[in-house]
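# Just the structure for this:
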Amino acid sequence: MKSVLITGANKSIGFETARQLLQKGYYVYLGSRNLENGREAVEKLNAEGLSNVEAVQIDVTNAASVEAARAEIGKKTDVLDVLINNAGISGGLPQTATGAPIDTFLNVFETNLFGVVRVTQAFIDLLKQSPAPRIVNVSSSAGSLTLHSDPTWPYYHHKGAVYLPSKSALNMYTINLAYELRDTPFKVNAVDPGYIATDFNNHRGTGTVAEAGARIVKYATIDSDGPTGKYFSEEYNPETEEIPW
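Presented below is the predicted three-dimensional model:
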């Protein structure tokens, strides 16, 4: 049975991604900053007949928490097949380039970039034991420099001087990670789940968590002929899904 760790999986898109991977026969380590919230999420999945799941306390902004999660999972398995770096924060809006406090930048980057690096580096040894390891970094089309500099793009005016750069930085990390692992079985990609109605955006999104989960699962389960080092948004480009950095 293949296994997956999903950060920020106790609710919304992360929770739905866990559900869909469980339905596909994966064993899910459901990462949650608050363990009780994680356990409640596990109970909901158990009530649906999905039992191959357990909650793991992991605060991606805290090195000790990440190390503890790695130790806990390492006691149960020598192999991790998939890592989905889903945990993220917006930092609140509005975010102006001339007025956003440095502390807001630090907090958002701590989760959206440094947290991804921290978790990836902590679990890379378990992933290397998998015959077909996959890493999905949950990004956003909002992190595209190309799109956000195009006045014809539908979301051109949806700027955010903190959140957007955090996703752009995550994208560059994804490129570097995929390059470093290019001669291995790893597939590493950045995936935009879409503009989804969740508490992340006060439910202003137009898509569903089911759609978002399916988009992430697609790249978490790609075969050996699948892409690596790419940036995908089914919402923006439904034909080929790949979008420009």
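# Identify the single longest helix in this protein, thanks.
Ordering each helix of the chain by length in residues (DSSP state H) puts helix 163-180 first.
# And it, how far out from the chain middle?
12 Å (Cα atoms, centre = their mean, to the nearest Å).
# pLDDT score for the residue of the chain positioned farthest from its centre?
No residue in the chain sits farther from the centre than Thr98, which is 28.9 Å out by Cα atoms, centre = their mean. Looking at Thr98, its pLDDT is 98.
# check which helix or strand covers it.
Following DSSP states H and E, one finds Thr98 outside all helices and strands.
# Quick check: it vs Ala161, distance?
Separation of Thr98 from Ala161 (Cβ to Cβ, to the nearest Å): 8 Å. (Each C-beta comes from the backbone N, C-alpha and C, glycine too.)
# for Val119, phi and psi?
With angles defined as degrees, to the nearest 10, Val119 sits at phi -70, psi -40.
# ok, which stretches of the protein are strands?
3-6, 27-32, 53-57, 82-85, 134-138, 187-192, 230-233 (DSSP state E).
# mind checking which of those strands is nearest Asp103?
Nearest to Asp103, of all the strands of the chain, is strand 82-85, at 23.0 Å by Cβ to Cβ.
# Can you list the strands that that closest one pairs with?
strand 3-6 (parallel), strand 134-138 (parallel) (DSSP bridges).
# To Ala69, which of those lies closest?
Ala69 lies closest, by Cβ to Cβ, to one member of the strands paired with strand 82-85: strand 3-6, at 8.0 Å.
# circling back to that earlier point, just send the strands of the chain back as a markdown table, with distance to Leu170 and mean pLDDT too.
Below are the strands of the chain laid out as a markdown table (distance: least, Cβ to Cβ, whole Å; pLDDT from 0 to 100):
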| stretch | distance to Leu170 | mean pLDDT |
| --- | --- | --- |
| strand 3-6 | 16 | 99 |
| strand 27-32 | 17 | 98 |
| strand 53-57 | 22 | 98 |
| strand 82-85 | 8 | 99 |
| strand 134-138 | 6 | 98 |
| strand 187-192 | 7 | 98 |
| strand 230-233 | 10 | 98 |
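# Format these as CSV; extra columns: distance to Ser168 and mean neighbour count.
Shown next, in CSV, are the strands of the chain (distance: least, Cβ to Cβ, whole Å; neighbours: other Cβ atoms under 10 Å):
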stretch, distance to Ser168, mean neighbour count
strand 3-6, 23, 26
strand 27-32, 24, 26
strand 53-57, 29, 20
strand 82-85, 15, 28
strand 134-138, 12, 26
strand 187-192, 10, 27
strand 230-233, 11, 23
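# Now tabulate those strands in CSV and tack on distance to Val117.
As requested, the strands of the chain are exported to CSV (distance: least, Cβ to Cβ, whole Å):
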stretch, distance to Val117
strand 3-6, 15
strand 27-32, 15
strand 53-57, 19
strand 82-85, 9
strand 134-138, 10
strand 187-192, 13
strand 230-233, 18
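# which residue ranges form the helices in this protein?
Listed in chain order, the helices of the chain (DSSP H) span 12-23, 35-47, 63-74, 102-109, 115-128, 145-148, 163-180, 209-220.
# In contact with the most centrally placed residue in the chain, which residues?
Nearest to the mean C-alpha position of the chain, by Cα atoms, centre = their mean, lies Asn86 at 2.5 Å. Listed by Cβ atoms under 8 Å, 6 or more residues apart in numbering, the contact set of Asn86 reads 6-9, 13-14, 17, 138, 216.
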